[in-house]
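1. give me a 3D structure for the following:
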Amino acid sequence: MIGRMIRPGLIVVVLVLASNGVTAQESAQSAANPGSVHQQLNKRIGNYKTSTKFTMQPGGPATESSGTAKITGALGGRFLIEENSGTFMGETTTGLRLMGYNNATKQYEACWTYTMSTAILTMTGTSSDNGKTVTLRGSFADEGGARQTLKVITRTVDADHFVVELIGETPEGKDGPLLTTTYTRIE
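-> Numbering: from 1, shown residues only. Predicted structure coming up:
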């Protein structure tokens, strides 16, 4: 008698799980495909000259430098890869950045690396104006192992220009050093 009662219940559970599996599979497929946000990001693909200003404190004197950046698409339009080079504080640097939009979390995600560190800066963020301005927050371990928190604001000016502001956070949670890079398309 107990066996007969369990079987119908078991069949219902299996059917529910099976139907949810199809929904989950469809949802996973949808989340894996690039969408309109990715199309918008891919408009940045190209070669750029960069102009950078660095200040240790808001409103302080700026150190200026220039460089180049090449932005390519990767993995069927899902991600952008930026390879950049220039100078910072008199040192030649190169960097590699990966950026994309996660359909599942509805967030932008990025990781940045460069030759002045072995750390990887990882960030997530959102946009409140359909991708024209993207604000990311992230952190990395500095040379002493302490977590450093940064905010990165990327603002599209027009089809051939965008600006990236990297803002350090002080221990008190206030804006600290500011690195502003203006990208101008050359191709």
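
2. after the lowest-mean-pLDDT helix or strand in the chain comes which helix or strand?
-> Of all helical and strand segments in the chain, the minimum by mean pLDDT, DSSP states H and E falls on helix 2-32, at a mean of 58. Where DSSP states H and E defines the elements, the next helix or strand beyond helix 2-32 is helix 36-42.

3. what is residue 135 paired to in the beta sheet?
-> residue 126, residue 153 (DSSP bridges).

4. roughly how far does it sit from residue 83?
-> Remark: distance between residue 135 and residue 83 (C-beta to C-beta, to the nearest Å) = 24 Å. Every C-beta, even on glycine, is put in place using the N, C-alpha and C of the backbone.

5. quick one: which of the two has more around it?
-> Just comparing residue 135 and residue 83: by other C-beta atoms under 10 Å the higher neighbour count belongs to residue 135, 17 against 13.

6. verify the stated contact: that one with residue 124.
-> No - between residue 135 and residue 124 there is no contact under C-beta atoms under 8 Å: 10.1 Å.

7. can I get the CA coordinates of stretch 164-176 in CSV?
-> Extracted C-alpha coordinates of stretch 164-176, given in CSV (Å, rounded to 0.1, in the frame of the first residue of the first chain):
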residue,chain,number,x,y,z
VAL,A,164,37.4,56.0,-18.4
GLU,A,165,37.8,57.3,-14.8
LEU,A,166,39.6,55.1,-12.3
ILE,A,167,39.0,56.5,-8.8
GLY,A,168,40.8,55.1,-5.8
GLU,A,169,39.0,55.0,-2.5
THR,A,170,40.6,56.3,0.7
PRO,A,171,40.4,54.3,4.0
GLU,A,172,37.6,56.7,5.0
GLY,A,173,35.6,55.7,1.9
LYS,A,174,36.2,59.0,0.1
ASP,A,175,37.4,59.6,-3.5
GLY,A,176,41.2,59.4,-3.6
